[in-house]
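**Q** Sequence and predicted structure below; questions after.
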Amino acid sequence: GAGVSQSPSNKVTEKGKDVELRCDPISGHTALYWYRQSLGQGLEFLIYFQGNSAPDKSGLPSDRFSAERTGGSVSTLTIQRTQQEDSAVYLCASVLSGTPQETQYFGPGTRLLVL
Amino acid sequence: GNSVTQMEGPVTLSEEAFLTINCTYTATGYPSLFWYVQYPGEGLQLLLKATKADDKGSNKGFEATYRKETTSFHLEKGSVQVSDSAVYFCALRNFGNEKLTFGTGTRLTIIP
């Protein structure tokens, strides 16, 4: 596609429910990243995929968070038993080959509100 | 580990004023440095980048120079416009550490 797309754009859920957030990277981009942008916490790294494997999961805040990527393309971030502190904008980014000099292109984000 | 320290905001300037947003970093090795911008209601966009010492990134009248000796990457613009109102993020990316490490962001408001 022309850019990174994410769905849904907004999600309101009740505490304790599970949510799935989807990211479609730019076609041909091999590396994919998830970040979280929350008030007072800035932009935090969550997880990074190179192809379908995740060499760095160090930013996942708890075992309620998981992510997968299939076919070297679409990725899904799953949050189980959501808590109010999970409320944030979840951003996905992709990059062509993953070298440090290359630009990460960001999607518009999914705004998650846990009531 | 890697870290980015960014000028605290918010910053309010009059149109045509000179802008500087300070950014310093801590990293091992030779990171690439980036400025991203987030306009109201929009996603993060790359504004400019520099991948080695003494490189100058520039775009839309903004400039930043990669200063290894002072570990800085300050963002400057000579004459700001109302349309520059946004949140600006300084970031670095290091070899072998593929994620972007961001500063806290600086909210810039330009008044006519």
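**A** Structure received. Numbering: from 1, shown residues only, chains lettered A, B, ... in the order given.

**Q** The lowest-mean-pLDDT helix or strand in chain B pairs with which strands?
**A** For chain B, the helix or strand with the lowest mean confidence is strand B:97-102, at a mean of 84 (criterion: mean pLDDT, DSSP states H and E). Using DSSP bridges, the neighbouring strands of strand B:97-102 in the sheet come out as strand B:86-94 (antiparallel).

**Q** List phi and psi for B:Val80.
**A** Backbone dihedrals for B:Val80, given as degrees, to the nearest 10, come out at phi -80, psi 160.

**Q** Report the contact partners of it.
**A** Contact partners of B:Val80, counting by C-beta atoms under 8 Å, 6 or more residues apart in numbering or on different chains, are B:13, B:15-19, B:108, B:110. C-betas here are computed from N, CA, C, even on glycine.

**Q** Nearest the middle, which residue of chain A would you pick?
**A** A:Trp34 (3.2 Å; C-alpha atoms, centre = their mean).

**Q** looking at this, that residue is in a strand?
**A** Yes. With DSSP: H, G, I helix; E, B strand; the rest coil as the criterion, A:Trp34 is part of a strand.

**Q** Could you say which helix or strand holds the nearest residue to it once chain neighbours are set aside?
**A** By the measure of C-beta to C-beta, 6 or more residues apart in numbering or on different chains, the closest residue to A:Trp34 outside its immediate chain neighbours is A:Leu46, 4.1 Å from it. Following DSSP states H and E, one finds A:Leu46 within strand A:42-50.

**Q** Just list what that strand packs against, helices and strands only.
**A** Contact analysis of strand A:42-50 by 3 or more C-beta pairs under 8 Å, 6 or more residues apart in numbering or on different chains; DSSP states H and E lists strand A:31-38, strand A:53-56, strand A:65-69, strand A:75-79, strand B:97-102 as its packing neighbours.

**Q** residues making contact with it?
**A** Surrounding strand A:42-50, the residues in contact under the criterion C-beta under 8 Å, 6+ apart are A:30-38, A:54-61, A:65, A:67, A:69, A:75, A:77, A:90-91, A:98, B:89, B:98-105.

**Q** and the angle from that strand to strand A:65-69?
**A** Relative orientation of strand A:42-50 versus strand A:65-69 (axes from the mean of the first three to the mean of the last three C-alpha atoms, to 10 degrees): 40 degrees.

**Q** which parts of strand A:42-50 are buried?
**A** Applying a neighbour-count criterion of 16 or more other C-beta atoms under 10 Å in any protein chain shown, the buried positions in strand A:42-50 are A:42-50.

**Q** What is the most widely separated pair among those residues?
**A** Within the buried residues of strand A:42-50, A:Gly42 and A:Gln50 form the most distant pair, 24.6 Å apart (C-beta to C-beta).
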